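K.L.:
sequence and predicted model, in that order:
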Amino acid sequence: MATSSLDKLKALTSRLEDKLVEKGKVNPSTVASLEQENSSVDITVEKVVENTDTIPKVKKEINCDNVREDNIVRVKQLYEKLKIFEKSPDFENIFMYKAMNLSGIGLKEDDFGEVRDGKYIQIIAITYEPDKNGKKKAKNISLGYFGKAETLDEVLKNEIIEFVLRWRYEKAFQNVEHYKDLIARVEVSDEIPDTLF
């Protein structure tokens, strides 16, 4: 399951890097060095998985701070360029949403980047709010409206896709931190207590 998610994230990141190189926003040598770093990380992960008896002893931290910082800078640039601030004025609050999606543009493996004719292009944030009975219910919030699919400029389309993918990338970092914090709270002792009470 984790491998599948990692593979999907790598595929999306690779496509994003290709698009950025295409548009001249990223130096191809930078992408090559990132790919080289990623391959060394893959080798390390494979070695740890092969030697499962050493897993408790191995604690390898991968420093993702620079990648994360660069990503957040670009998210903010796109937030301003796409005028997301008109619907969500506080930049920090855009990460309070549970998820983000696109209406009118495919983001799945089989339809990535395809514009759906006759549809309206929107960036949709998803949040959960209580209904009248107090039960949490999903609510869609439009953060940006970009007109009909047929009239969408190619550069604008790529920036919209990039914004959503980079938002998801930052959200993934935040989720990892959250789970690391939770795990740290339960790693109190190596011994299992005789009783839970």
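P.N.:
Good, I have the coordinates. Numbers count the residues shown, from 1 in each chain.

K.L.:
wait, what's in contact with R68?
P.N.:
Taking C-beta atoms under 8 Å, 6 or more residues apart in numbering, we find R68 in contact with E170, F173. From N, CA and C alone the C-beta is placed, and that goes for glycine too.

K.L.:
low-confidence ranges, the chain, go.
P.N.:
1-10, 19-65, 187-197 (pLDDT under 70).

K.L.:
just checking, what packs against the longest helix that it contains?
P.N.:
Among the segments of the chain that qualify as a helix by DSSP state H, the longest is helix 154-186. Applying 3 or more C-beta pairs under 8 Å, 6 or more residues apart in numbering; DSSP states H and E, we find helix 154-186 packed against helix 2-22, helix 65-81, strand 99-103, strand 120-130, strand 136-148.

K.L.:
export these as CSV, with columns for distance to S88.
P.N.:
Listed next are those as CSV, based on distance: least, C-beta to C-beta, whole Å:
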stretch, distance to S88
helix 2-22, 22
helix 65-81, 8
strand 99-103, 11
strand 120-130, 7
strand 136-148, 6
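
K.L.:
of those, which approaches K171 most closely?
P.N.:
strand 99-103 (7.6 Å; C-beta to C-beta).

K.L.:
send the alpha carbons of that closest one over as CSV?
P.N.:
The C-alpha atoms that make up strand 99-103 are tabulated as CSV, following Å, rounded to 0.1, in the frame of the first residue of the first chain:
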residue,chain,number,x,y,z
ALA,A,99,-8.3,17.9,0.3
MET,A,100,-8.1,19.8,-2.9
ASN,A,101,-9.3,18.8,-6.4
LEU,A,102,-10.0,20.1,-9.9
SER,A,103,-13.2,20.3,-11.7
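
K.L.:
contact partners of that strand?
P.N.:
Taking C-beta under 8 Å, 6+ apart as the rule, strand 99-103 contacts 107, 119-126, 143, 160-161, 164, 167-168, 171.

K.L.:
cool, and stretch 71-85?
P.N.:
Residues outside stretch 71-85 that contact it (C-beta under 8 Å, 6+ apart) are 91, 94, 123, 143-144, 159-160, 162-163, 166-167, 169-170.
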